[in-house]
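**Student:** Give me a model of this one.
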Amino acid sequence: MSSALRSVVQQSRRSAFVRSARFASTSTKQATLKERLAELIPAEIQNVKETRAEHGKKSFGPVLVDQLYGGMRGLPALIWDGSVLDPEEGIRFRGKTIPECQQLLPKAPEQVTSLSKDWAARAAIPDFVEDILDRCPPTLHPMSQFSLAVTALNHDSAFAKAYQQGVSKKEYWQPTFEDCMDLIAKLPNIAGRIYRNVYGRGKLPAIDANKDYAYNLATLLGFGEKSEFVELMRLYLTIHSDHEGGNVSAHAGKLVGSALSDPFLAFGASLNGLAGPLHGLANQEVLIWLRKMQSKIGQNASDEAVKEYVWATLKGGQVVPGYGHAVLRKTDPRYSAQREFALKHLPEDPLFKLVGQIYKIVPGVLLEAGKAKNPWPNVDAHSGVLLTHYGLEEMQFYTVLFGVSRAFGVAAQLIWDRALGAPLERPKSYSTAAIQKIFKDKQ
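**Tutor:** Below you'll find the predicted structure:
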């Protein structure tokens with residue numbers, strides 16, 4: 001296929017996708033999410049075949065020994081179609097920036113209503129999973145409880161059952177889709193139960209089938225009467241849903257899923273990775289640092305006082321939490337989206353004003369100190385401040401909300417991996433002695 005023809009075909013596919021995503025109001029019957037996915041899969045399979053046929057034997061970037069020792073940082077090794085992270089532009093979800101998503105998403109109310117009702121119908125969790133959570137001591141970390149509950153949902157896995165019955169490989173995606181829909185639907189009930197058990201907030205209310213996912217999650221946490229918090233959840237769930245495939249939670253889900261483990265087991269692995277302090281705890285660290293700063297220099301401190309505190313943090317051998325990113329080299333657009341929300345809804349909040357003040361000061365300090373390739377804020381520099389403003393102050397629970405969000409990206413990729421026949425992941429590893437031997441005579 002010539003490059004010109006391929007360009008025309010790709011543009012046609014993109015146009016078709018945009019048209020379908022908007023669900024024209026003249027349509028008499030809206031396609032369900034699963035029906036639309038079934039329509040898209042054949043073309044995507046062909047797209048992958050064509051890409052591999054044309055580019056499969058081409059070299060795709062050198063591998064440095066430092067990358068092997070450095071956690072595979074920057075190593076091109078995965079296919080992940082849900083989102084792509086550009087160092088300068090930031091995140092794109094299926095080719096769309098966050099502002100573009102904000103423009104497009106409200107234009108499909110019928111689709112939102114249908115999907116919300118489907119999730120509400122699937123939201124109940126089995127009695128034995130409720131029992132597991134109710135028996136957990138409140139001292140057990142919320143993420144441990146979250147992982148336990150999600151893993152236990154494997155008991156009713158449609159994929160595990162279909163696999164045992166010999167389902168065709170071409171049909172793997174269908175029971176995987178059902179599991180992923182069940183997983184996403186049940187997470188608010190799980191998260192709400194953990195929150196209320198651990199923090200003594202009483203019994204769970206019922207899911208409202210006439211409300212959307214974010215409203216039900218907010219209500220289960222006890223904040224549904226706060227319309228601004230519900231709107232925050234819509235924003236939070238979206239911008240935290242996916243961030244390429246190389247982060248620990250996303251990659252863990254893809255890796256475990258490649259073994260044909262069902263989505264509950266795969267996402268359980270994602271949660272265990274997300275619970276690590278180098279991944280999902282960053283917004284807690286930001287909030288702790290901000291409050292320490294406030295207690296030290298007071299509210300409404302001068303720019304000079306803030307600057308001195310930042311320098312003291314660096315000179316004390318610590319990093320400024322919420323600044324810098326492994327890939328990004330500019331302000332995280334997810335930070336910008338949250339800042340816009342805060343400017344609209346809580347412009348006078350003391351912690352938000354401090355976050356804004358820091359935004360003006362920290363990049364210059366970091367550049368002067370030579371401490372970061374990217375001196376700009378990331379998503380974690382802002383999210384904790386928004387949550388605490390509305391009364392969700394239990395920081396140990398923040399990673400659970402992150403986990404609920406991340407399920408969307410991990411689940412979507414699991415479905416596509418099964419639809420496209422992605423293989424078992426098995427990269428090659430080397431010992432230090434082997435590395436030394438390889439380069440012994442290549443000095």
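
**Student:** Okay, buried residues for the helix or strand where Glu368 lies please.
**Tutor:** Using DSSP states H and E, Glu368 maps to helix 350-369. Along helix 350-369, these residues count as buried under the neighbour rule (16 or more other CB atoms under 10 Å): 351-359, 361-363, 365-366. The C-beta positions use only the backbone N, C-alpha and C, and glycine is treated the same way.

**Student:** likewise stretch 126-135?
**Tutor:** 129-130, 132-133.

**Student:** just stretch 224-238 next, same as before
**Tutor:** Quick answer for stretch 224-238 (16+ other CB under 10 Å): 224, 226, 229-238.

**Student:** Mean confidence (pLDDT) on it, please.
**Tutor:** Mean per-residue pLDDT for stretch 224-238: 96.

**Student:** List the contacts of that stretch.
**Tutor:** Residues from elsewhere that reach stretch 224-238 (CB atoms under 8 Å, 6 or more residues apart in numbering): 98, 101, 105, 205, 212-218, 223, 337-338, 341, 345, 383, 386-387, 390-392, 401, 404-405, 408.

**Student:** cool, and stretch 55-70?
**Tutor:** Looking at what lies outside stretch 55-70 - CB under 8 Å, 6+ apart - the contacts are 73-76, 430, 435, 439.

**Student:** Any quick ChimeraX command for the buried ones out of those residues?
**Tutor:** A single ChimeraX command is used to select the members of the contacts of stretch 55-70 judged buried by 16+ other CB under 10 Å:
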select :75
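
**Student:** Tabulate the contacts of stretch 55-70 in a markdown table, adding columns for pLDDT and distance to Ile91.
**Tutor:** Below are these laid out as a markdown table (pLDDT from 0 to 100; distance: CB to CB, whole Å):
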| residue | pLDDT | distance to Ile91 |
| --- | --- | --- |
| Arg73 | 85 | 18 |
| Gly74 | 84 | 17 |
| Leu75 | 87 | 20 |
| Pro76 | 88 | 18 |
| Tyr430 | 90 | 32 |
| Ile435 | 90 | 34 |
| Phe439 | 87 | 37 |
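
**Student:** The contacts of stretch 55-70: which two are farthest apart?
**Tutor:** Pro76 and Phe439 (21.7 Å; CB to CB).

**Student:** for the stretch 251-400 of the chain, which spans come out with low pLDDT?
**Tutor:** For the stretch 251-400 of the chain, applying pLDDT under 70 flags the ranges 371-372.

**Student:** run the last query once more with 90
**Tutor:** Scanning the stretch 251-400 of the chain for pLDDT under 90 picks out 277-278, 281-283, 299-300, 319, 323-331, 369-376, 378.

**Student:** hey, where'd the helices end up in it?
**Tutor:** 263-274, 282-297, 303-315, 333-345, 350-369, 380-389, 398-419 (DSSP state H, counting those that start in this stretch).

**Student:** right, and those - which one's nearest Arg196?
**Tutor:** Closest among the helices of the stretch 251-400 of the chain, using CB to CB: helix 398-419, at 12.1 Å.

**Student:** name the helices or strands packed onto that closest one?
**Tutor:** For helix 398-419, the packing partners by 3 or more CB pairs under 8 Å, 6 or more residues apart in numbering; DSSP states H and E come out as helix 33-55, helix 142-152, helix 173-199, helix 227-239, helix 248-258, helix 263-274, helix 282-297, helix 380-389.

**Student:** Just send the ones you listed back as a markdown table, with distance to Ala419 too.
**Tutor:** Below are these laid out as a markdown table (distance: least, CB to CB, whole Å):
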| stretch | distance to Ala419 |
| --- | --- |
| helix 33-55 | 5 |
| helix 142-152 | 22 |
| helix 173-199 | 4 |
| helix 227-239 | 23 |
| helix 248-258 | 12 |
| helix 263-274 | 13 |
| helix 282-297 | 33 |
| helix 380-389 | 32 |
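
**Student:** Select, out of the ones you listed, the one closest to Val327.
**Tutor:** Counting by CB to CB, Val327 lies closest to helix 248-258 out of those; the figure is 12.9 Å.

**Student:** and the angle for that closest one with helix 398-419?
**Tutor:** 40 degrees (axes from the mean of the first three to the mean of the last three CA atoms, to 10 degrees).
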